[in-house]
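**Student:** Pasting the sequence and the predicted model now:
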Amino acid sequence: MADRRLKVFYTVARLLSFTRAAEALHMTQPAVTFQVRQLEEYFNTRLFDRAHNRVSLTEAGRTAYSYAERIFEIYEEMENAIREITGDVSGALSLGASTTIAEYMLPALLGQFKRRYPEVNVRLRVSNSEGILSMVENNVIDLGVVEGPVQNRNLHVERCRLDQLVAIVPPGHPLADRSVLGVAELMPHPFICREEGSGTREVIADYLQQQGLGRNALAVCLELGSPEAIKGAVEAGMGVSILSRATLDKELALGRLVAIPLDPPLTRQFSFVHQRQKFRVRAMEELLGFARDYCEGQTGAPQPPAP
């Protein structure tokens, strides 16, 4: 309902970037520039200073931004209040998830959510944890689901469920008959890991440090971009790895891989992440509530919200 020009201006002002605003709004950059210029012509003043490839707000721009924020808050309150009365849950949501979560947790969750709320359209973006956090912060997506710790204090983090990571080796490997492993016992073997920025890789590095080893103590021979690629490489005998137990059901059932718990156990949190000040539509509130209930039914109960 809100004026399109005002929404475009508000997004550019918050991100201080025409390029990032265009991505967040799913528009071309010339279209974003056109909308801002129309608003500037309406007010007969510049709202942005553009110098040395940097964008900043003028005094008028700062005033417009303050009012725009209040306007959108009121619009959101009105829409939520009316939808509370009518019981309507509809609209579009942009959801982002790290690779492991997108491939092994979200299909079942989103399938159940769509059956309950068929009028909500969910767009899913997949990246590593670092990429998802960047998309949430830059308003490219409404809600992120990531693995491992989140250090960004500008974002609200709500822990979802606990995930166990285990060592994986091919059948016949010298470690395959072990019932439990210390991580140091993996050090002599070629290790296959996720790429930089992956939540899985960061959790493993933190675990190594906690065990008194260097964050790069494992003999990395290969970096791959997904759990599926890592499982295939381990199955082919190219090395060993550490992956989420939730990703291994098929390979363990078929006897293609052997999973060995680590001692001490290696666990991590899956977490929901969204902007602290983001205007939340009813559909997003319903998705968050639905996801909390879903996680309660999985291994590991949700934890209290992080401070």
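**Tutor:** Good, I have the coordinates. Worth saying up front: this structure is predicted, and the values here are computed from it rather than measured. Residues are numbered from 1 along each chain as shown.
**Student:** So which residues of the stretch 201-307 of the chain form helices?
**Tutor:** 227-235, 249-253, 282-296 (DSSP state H, counting those that start in this stretch).
**Student:** closest to N154 out of the ones you listed?
**Tutor:** Nearest to N154 among the helices of the stretch 201-307 of the chain is helix 282-296; the distance by CB to CB comes to 18.0 Å. For the C-beta atoms, the positions are set from N, CA and C on the backbone; glycine is no exception.
**Student:** other SSEs contacting that closest one?
**Tutor:** Helix 282-296 is packed against helix 59-86, strand 91-98, helix 106-116, strand 120-127, strand 143-147, strand 155-169, strand 258-275, with contacts defined by 3 or more CB pairs under 8 Å, 6 or more residues apart in numbering; DSSP states H and E.
**Student:** how about the helices of the stretch 201-307 of the chain in JSON lines, adding distance to I192?
**Tutor:** Below are the helices of the stretch 201-307 of the chain laid out as JSON lines (distance: least, CB to CB, whole Å):
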{"stretch": "helix 227-235", "distance to I192": "5"}
{"stretch": "helix 249-253", "distance to I192": "14"}
{"stretch": "helix 282-296", "distance to I192": "29"}
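**Student:** will you turn the ones you listed into a markdown table that also has mean pLDDT?
**Tutor:** What follows is the helices of the stretch 201-307 of the chain, written out as a markdown table (pLDDT from 0 to 100):
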| stretch | mean pLDDT |
| --- | --- |
| helix 227-235 | 94 |
| helix 249-253 | 92 |
| helix 282-296 | 78 |
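**Student:** out of the helices and strands packed on helix 282-296, deepest packed?
**Tutor:** Neighbour counts averaged per stretch over the helices and strands packed on helix 282-296 are highest for strand 143-147, at a mean of 26; criterion: mean count of other CB atoms under 10 Å.
**Student:** so what strands line up beside that one?
**Tutor:** Pairing partners of strand 143-147, with direction, according to DSSP bridges: strand 91-98 (parallel), strand 258-275 (antiparallel).
**Student:** and it, average pLDDT?
**Tutor:** Mean pLDDT, taken over the full extent of strand 143-147, equals 85.
**Student:** which residues sit against that strand?
**Tutor:** With CB atoms under 8 Å, 6 or more residues apart in numbering as the contact definition, strand 143-147 has outside contacts at 93-98, 100-101, 105-106, 129, 132-133, 135-136, 160, 163, 199-200, 203, 244, 268-274, 284, 287-288, 291.
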